[in-house]
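Novice: Coordinates for the following, if possible.
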Amino acid sequence: MGLNVEKDQSNEDNVGNDGDNDQLYELMHDMQGDLNEMPQEFESFFENSGQPLFSGCSKFTKLLAVLKLYNLKAKNRWSDKNFTGLLELLKDMLPNDNELPCSTYVAKKMLCPLGMEIERIHACPNDCILYWKQYKNLHVCPKCGASRYKWKRLDDACEQKKGPPVKLLWHLLVILRFKRLFANANDAKNLHWHVSGRKEDVKLRHLADSPQWRNINKKFPEFGVENRNLRLGLCTDGMNPHDNMSTRHSTWPVILKVYNLPLWLCMKRMYIMLPLLISGPKQPGNDIDVHLAPPVEDLKMFWIKACPVCEEETVDLWLNNSRKNVFMSHQTFLPIDHPYRKKKKTFNGKYETRVARLPLSGDVI
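Specialist: From the prediction side, this is the model:
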């Protein structure tokens, strides 16, 4: 495609580099709360954040060391077995009083508070509905009458071990991942690449060069003129995780990709998200759109709540001459008797009498 491989590789290596402490202190600040009301895992997490890796070590805490090592594991695609071997070797190299975990299992358990919440949702075996929201407490599908729990018995051994098979969706919230893209300076810059960094000629190098991309911009002009709006792609395919083609089971991971990014990044694993995992005795079929409702709702929430403070009360204004979207009503943050609240011509032509909402606490979020 005529790309500079050395340049692309250096860009890839620099992406997501947030400094030596991996924004650990920012992360800890976001998680602060009343430790007495937190589960045991969170209490242990905060303890590990301040515990030195070994006596006299001032550079690494127990938590920071594990985060660094686990980041290497993910970046280099080490298996759990290889990572356990590395931890065992490093533990022997360090002083005897070191706090480094000795296995991948212990390391994952220590980092579990950082994991994203997973929602398990039952689905109708005929793909009619999800037992979600208004159907959450039903036991029979209101459209086809199929039982929520009973499938045709696949095999007695499976029944005895795992109970009646149920069609499940594993829903992972992706909004936080998107917010972190914009929080990182390098990532935020790369999200503009499809406009500012792409070479525009008659060749098709990226989805932004395709007619469909232009058609979407024409159909939704308000969306198309804002370069920061995310262009997302959903793709899925089924597989049998048991490595046995005779087993009647399929797992369908739904992958979410960000097409704003450069060619050498948009297909990288760190920018590919898994919002949904469909699991059951048979594949979803043509009615897979029923299963996509949870991630679509997440994306709608992300679209509406552009400001993490104002959320649904975000006030925006489209400027026709400048052809961009701006966020207004900053006067609401001023004292109620501030003179700027009465300057109509200087702002939007109206008196501002509203008061800005207070920032949400971590518990509310």
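Novice: For the rest of this, base every contact and every neighbour count on C-alpha atoms.
Specialist: OK.
Novice: Name the spans of the stretch 101-250 of the chain whose pLDDT lies under the cut-off.
Specialist: For the stretch 101-250 of the chain, applying pLDDT under 70 flags the ranges 113-117, 150-166, 173-176, 242-248.
Novice: Strands of that one, start to end?
Specialist: Taking DSSP state E, counting those that start in this stretch as the test, the strands found in the stretch 101-250 of the chain are 118-123, 130-131, 168-172, 232-236, 250-258.
Novice: Adding distance to residue 352, write the ones you listed out as CSV.
Specialist: Below are the strands of the stretch 101-250 of the chain laid out as CSV (distance: least, Cα to Cα, whole Å):
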stretch, distance to residue 352
strand 118-123, 42
strand 130-131, 44
strand 168-172, 40
strand 232-236, 37
strand 250-258, 38
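Novice: Residue 342 is nearest to which of the ones you listed?
Specialist: strand 232-236 (42.2 Å; Cα to Cα).
Novice: Now find how far off-centre the closest one is within its chain.
Specialist: Its chain's average C-alpha position is 14 Å from that of strand 232-236, according to Cα atoms, centre = their mean, to the nearest Å.
Novice: Show me what it is packed against.
Specialist: Contact here means 3 or more Cα pairs under 8 Å, 6 or more residues apart in numbering; DSSP states H and E; on that basis strand 232-236 packs against strand 250-258.
Novice: ok, 10 Å please
Specialist: Packed against strand 232-236 by the contact rule (3 or more Cα pairs under 10 Å, 6 or more residues apart in numbering; DSSP states H and E) you find strand 250-258, strand 272-280.
Novice: downstream neighbour of the last one in the secondary structure list?
Specialist: So that's strand 272-280. Downstream of strand 272-280, the next assigned helix or strand under DSSP states H and E is helix 293-304.
Novice: Who are the packing partners of that following helix?
Specialist: Helices and strands touching helix 293-304, by 3+ Cα pairs under 10 Å, 6+ apart, are strand 168-172, helix 175-183, strand 272-280.
Novice: follow-up on the earlier one: JSON lines please, covering the strands of the stretch 101-250 of the chain and showing distance to residue 217 and mean neighbour count.
Specialist: Below are those laid out as JSON lines (distance: least, Cα to Cα, whole Å; neighbours: other Cα atoms under 10 Å):
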{"stretch": "strand 118-123", "distance to residue 217": "34", "mean neighbour count": "17"}
{"stretch": "strand 130-131", "distance to residue 217": "32", "mean neighbour count": "22"}
{"stretch": "strand 168-172", "distance to residue 217": "29", "mean neighbour count": "21"}
{"stretch": "strand 232-236", "distance to residue 217": "14", "mean neighbour count": "12"}
{"stretch": "strand 250-258", "distance to residue 217": "16", "mean neighbour count": "19"}
